[in-house]
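**Student:** Structure for the following, please:
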Amino acid sequence: MTPPVFLVATLPSSDQYVLDGPEGHHAATVRRLRPGEPVRLSDGYGGLAECTVAGAEHDRLTLAVVRRTVLEPPRPRLVVVQALAKGDRGELAVELLTELGADEIVPWEAARAVVQWRGERGGRALARWRSTAREAAKQSRRAFLPHVAELHSTAAVGALVGRVVAEGGAAVVLSGEAGTPLAAVPLPAGEGELVLVVGPEGGLTEGELAAFCAAGARAARLGPTVLRTSTAGAAALAALAARTGRWT
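**Tutor:** Reported below is the predicted structural model:
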């Protein structure tokens, strides 16, 4: 198994580093890491430090830094527009999308979304999405933290789609009524971004679908079965990751 990952603001510049605070407490008290065990530090932007535990206290670890590396971000960049979902299904979607490699997750207040983010409630919900993405990135040993954007309206999602398509990328909107399967949708070459739009449990309205397609998105069906919004994006992202070479 690969070493556990802990997030730090900046990678250590010296050969020794003290991991304290919440991450240090988790490593020493919850994970109970002991001298000699491997640990990986990440800044969330592709920077990694391979370390070995040199000493352990009740709320911190002293680490010996073995090697530092900086990874290039994977291409194409994958952006998932995820409709708000009821209960904890939105956080489940964020967890799965993070584990499967989404580079950005955009919460979308679709017309048929059961929940709405308003005021303090919306702020708390967004904070939960961001916390979920952070923890899922650590669990899946990612070198890059996904960006969880502010809540988007349908107009804002349309503008995002239009910008990406204009810059040479592509956008796909999942729709069970689409005639084109996801496997047949043309994908961007090289550096272009790829946007995937996932609708709510009640489905997209005709107006939403028309607006996104007018901005340059292509509608595509995922398969013969109907998936929940919390899992549809993950299934589609896995297929796209394989097609684009992200999983080679």
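
**Student:** Walking through this structure, point out its strands one by one.
**Tutor:** Applying DSSP state E to the chain gives strands spanning 5-7, 16-19, 38-42, 47-56, 61-70, 78-83, 104-108, 147-148, 170-174, 194-198, 218-220.

**Student:** so which of these gets nearest Thr231?
**Tutor:** Nearest to Thr231, of all these, is strand 194-198, at 9.6 Å by C-beta to C-beta. In this view, the C-beta of every residue, glycine as well, is placed from N, C-alpha and C.

**Student:** The closest one to strand 104-108, inter-axis angle?
**Tutor:** Angle of strand 194-198 versus strand 104-108, following axes from the mean of the first three to the mean of the last three C-alpha atoms, to 10 degrees, is 30 degrees.

**Student:** okay if I get the strands of the chain as a markdown table plus mean neighbour count?
**Tutor:** Shown next, in a markdown table, are the strands of the chain (neighbours: other C-beta atoms under 10 Å):
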| stretch | mean neighbour count |
| --- | --- |
| strand 5-7 | 19 |
| strand 16-19 | 18 |
| strand 38-42 | 20 |
| strand 47-56 | 18 |
| strand 61-70 | 16 |
| strand 78-83 | 26 |
| strand 104-108 | 22 |
| strand 147-148 | 18 |
| strand 170-174 | 24 |
| strand 194-198 | 27 |
| strand 218-220 | 19 |
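
**Student:** could I get these as JSON lines with distance to Phe212 and mean pLDDT?
**Tutor:** Listed next are the strands of the chain as JSON lines, based on distance: least, C-beta to C-beta, whole Å; pLDDT from 0 to 100:
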{"stretch": "strand 5-7", "distance to Phe212": "34", "mean pLDDT": "94"}
{"stretch": "strand 16-19", "distance to Phe212": "44", "mean pLDDT": "94"}
{"stretch": "strand 38-42", "distance to Phe212": "34", "mean pLDDT": "95"}
{"stretch": "strand 47-56", "distance to Phe212": "35", "mean pLDDT": "94"}
{"stretch": "strand 61-70", "distance to Phe212": "36", "mean pLDDT": "95"}
{"stretch": "strand 78-83", "distance to Phe212": "9", "mean pLDDT": "98"}
{"stretch": "strand 104-108", "distance to Phe212": "11", "mean pLDDT": "98"}
{"stretch": "strand 147-148", "distance to Phe212": "21", "mean pLDDT": "98"}
{"stretch": "strand 170-174", "distance to Phe212": "5", "mean pLDDT": "96"}
{"stretch": "strand 194-198", "distance to Phe212": "6", "mean pLDDT": "97"}
{"stretch": "strand 218-220", "distance to Phe212": "8", "mean pLDDT": "96"}
